[in-house]
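*Asks:* here's a sequence, model it:
(one chain, ligands or ions: 1)
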Amino acid sequence: MSAKLDVVIIGSGPGGLSAAIIAKQQSKTFLILEKGSNTMQGIIDTYPKGKKVYPTIPKRYTDPFPVDELKPPPEKIPVEAYIEQAQNVVASNDLNIHYNEEFKEIEGTYPDYIVKTDKGSYLTKNIILGFGSNIPNDLGIYGEAKTVARNIENGEDYIGINVLVIGGGNAAADVVSSLSKIKREAKDDDTSVYWANIRETFEINKDTARDLGEEVLLGGHIKILQKAIPKIGEVDADGIDRLYIHQTTSSSQGNDLYLYQGMSFPMKNVIACIGTHGPSAIFDALNLQQITCTGAICKIAKEGERLLMLSDYLETNRDGIFAIGGAISPSYMEIGSDGMIKEKKHSNLIYTAVVDARKVMDKILES
Ligand SMILES: Cc1cc2nc3c(=O)[nH]c(=O)nc-3n(C[C@H](O)[C@H](O)[C@H](O)COP(=O)(O)OP(=O)(O)OC[C@H]3O[C@@H](n4cnc5c(N)ncnc54)[C@H](O)[C@@H]3O)c2cc1C
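*Replies:* Below you'll find the predicted structure:
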């Protein structure tokens, strides 16, 4: 085993990289473990090709962007350029990243933790869990696992076919406007992007809404399906897996009779962006305390969901183990210095991951 490190950082997303930059500047010993083969693999895996990256700062935050090197520029560059920016930061700071190495477990106690991966073991005083939240939710429809996509791998594959995008948030909106643009720019494509949400309203931020609005005004073929519920998977006469989705068009007609309007898409033409579930099972395996939302305790998390408990500087109940960024979004339980526990909203944004890294590193540096 190597000499004891000051901090092992799990994940090379904006949060993990920011922590590493600060550690480097302060001459602390560190290592980043990244299960993918690239810097910011999480972003590479989830953003549609060419998506603009917004430097969004949530309303109640007032701090300036704390790690300039990773700040997305105000002119909203495509994700490929942002990844290149991060790769340059890694190269110019000579950040120690072990690619293709997956974090598995932690042994020992503070200040002598052993971080175990699929390739080795590392002795460290502190650990930052910056592994994001990228376990996609399922639709719960028979057959979806085989064919329904979670993102656009190659936008050109969707030219000339009607596509169904499911989800009511920013990720779905980004996919809808990217696909619409690809179709609009392709010659003679009069097929549409159907955008289905289970609710009547969509929850997207201002920047994403602006992109969508622009797409519609430029003649994009976007068709919105509100209150549309994916119902069943079926195999048609040609042996194609299809997904049937329906909208309630009227209230009960009496005698338990309802009228629905439905559509059926080949599953290979469906992209489901219905959120991710947090890494609660991983937190359990690491013996990190989580609190179950019951009654009126939680406004963001649903009844029964378990939220990680963190101090106001994002330390878990195990000394020296911290959690940041997407891993603790969209909310966690904060235990204040007065001992009061309350749900804390935590938007999943590049800015918040970087602010978290600054907060945690400040704590590590003072210990
Ligand atoms: C489609 C889409 C569009 C978005 N657009 C914007 C935007 O315009 N502006 C904005 O501010 N935010 C945006 N976001 C959110 C933003 O990308 C996230 O908030 C941010 O990436 C979170 O950073 P992070 O470092 O916490 O985690 P991630 O970026 O998810 O990084 C986690 C890293 O950890 C690695 N990892 C995971 N598990 C392990 C393991 N066991 N061992 C080792 N490594 C592991 C992953 O491979 C990954 O590289 C968007 C998100 C999506 C999905």
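*Asks:* C-alpha from now on. contacts and neighbour counts both.
*Replies:* OK.
*Asks:* and Ser27, how many residues sit next to it?
*Replies:* The number of residues packed near Ser27 is 10, by other Cα atoms under 10 Å.
*Asks:* am I right that it sits in a strand?
*Replies:* No - per DSSP: H, G, I helix; E, B strand; the rest coil, Ser27 lies outside any strand segment and is coil.
*Asks:* quick one, phi psi at it?
*Replies:* phi 50, psi 40 (degrees, to the nearest 10).
*Asks:* now do the same for it: its pLDDT.
*Replies:* You'll see Ser27 listed with a pLDDT of 97.
*Asks:* and it, how close does it get to the ligand?
*Replies:* 21 Å (Cα to the nearest ligand atom, to the nearest Å).
*Asks:* also Thr29?
*Replies:* In terms of Cα to the nearest ligand atom, Thr29 sits 18 Å off from the ligand.
*Asks:* and that residue, how far from Thr191?
*Replies:* 54 Å (Cα to Cα, to the nearest Å).
*Asks:* how about Ile77?
*Replies:* Relative to Thr191, and taking Cα to Cα, Ile77 is found at 28 Å.
*Asks:* ok, now Arg60?
*Replies:* For Arg60, the distance to Thr191 - Cα to Cα - is 41 Å.
*Asks:* the more surrounded of those two?
*Replies:* Thr191 (18 against 6).
*Asks:* shouldn't the more buried one be in contact with Gly160?
*Replies:* Yes - counting by Cα atoms under 8 Å, Thr191 does reach Gly160; the two are 5.8 Å apart.
*Asks:* who touches both of those two?
*Replies:* Taking Cα atoms under 8 Å, 6 or more residues apart in numbering as the criterion, Thr191 and Gly160 both touch Lys183.
*Asks:* and the contacts of stretch 235-246?
*Replies:* 141, 143, 228-234, 260-268.
*Asks:* so which residues on the protein come close to the ligand?
*Replies:* 10-16, 33-36, 40-43, 46-47, 53-56, 102-103, 130-133, 171, 325-327, 348-351, 353 (Cα under 6 Å from any ligand atom).
*Asks:* please redo it, this time with the cut-off set to 5 Å
*Replies:* Residues of the chain lying close to the ligand by Cα under 5 Å from any ligand atom are 11-15, 33-36, 40-42, 47, 53-54, 102-103, 131-132, 171, 325-326, 348-350.
*Asks:* among these, name the ones in strands.
*Replies:* Leu33, Phe103 (DSSP state E).
*Asks:* name the nearest residue to Lys223, ignoring sequence neighbours.
*Replies:* Excluding the flanking residues, the one nearest Lys223 by Cα to Cα, 6 or more residues apart in numbering is Tyr194, at 4.7 Å.
*Asks:* host element of the one you found?
*Replies:* strand 193-196 (DSSP states H and E).
*Asks:* please apply the same query to Ser178.
*Replies:* helix 170-185.
*Asks:* got the CA positions of that helix in CSV?
*Replies:* C-alpha atoms of helix 170-185 as CSV (Å, rounded to 0.1, in the frame of the first residue of the first chain):
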residue,chain,number,x,y,z
ASN,A,170,-34.1,19.8,-17.5
ALA,A,171,-32.5,16.5,-18.7
ALA,A,172,-35.5,15.7,-20.8
ALA,A,173,-35.8,19.3,-22.1
ASP,A,174,-32.2,19.3,-23.2
VAL,A,175,-32.7,16.0,-25.1
VAL,A,176,-35.9,17.4,-26.7
SER,A,177,-34.2,20.6,-28.0
SER,A,178,-31.1,18.8,-29.2
LEU,A,179,-33.1,16.3,-31.2
SER,A,180,-35.4,18.9,-32.6
LYS,A,181,-32.4,20.9,-33.8
ILE,A,182,-30.8,17.8,-35.4
LYS,A,183,-34.1,17.0,-37.2
ARG,A,184,-34.7,20.7,-38.2
GLU,A,185,-31.2,20.9,-39.7
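*Asks:* what helices or strands is that helix leaning on?
*Replies:* strand 163-166, strand 193-196, helix 206-217 (3 or more Cα pairs under 8 Å, 6 or more residues apart in numbering; DSSP states H and E).
*Asks:* quick one, strands of the stretch 201-350 of the chain?
*Replies:* 222-225, 228-235, 241-248, 260-266, 270-272, 276-277, 290-292, 306-310, 321-323, 331-335, 341-345 (DSSP state E, counting those that start in this stretch).
*Asks:* so who does Gly15 touch?
*Replies:* Contacts of Gly15 by Cα under 8 Å, 6+ apart are Gly130, Ile324, Gly325, Ile350, Ala353, Val354, Val355, Asp356, Ala357.
*Asks:* now, among the residues you listed, which is nearest to Asp68?
*Replies:* Taking Cα to Cα as the measure, Val354 is the one of the contacts of Gly15 closest to Asp68, at 9.7 Å.
*Asks:* you'd agree the closest one is in a helix?
*Replies:* Yes - checked against three-state DSSP, Val354 lies within a helix.
*Asks:* wait, it sits on Ile22?
*Replies:* No - the pair Val354 / Ile22 is not scored as a contact, 10.6 Å apart, by Cα under 8 Å.
*Asks:* ok, these two, which is more surrounded?
*Replies:* Taking neighbours as other Cα under 10 Å, Val354 and Ile22 compare with Val354 leading, 26 against 17.
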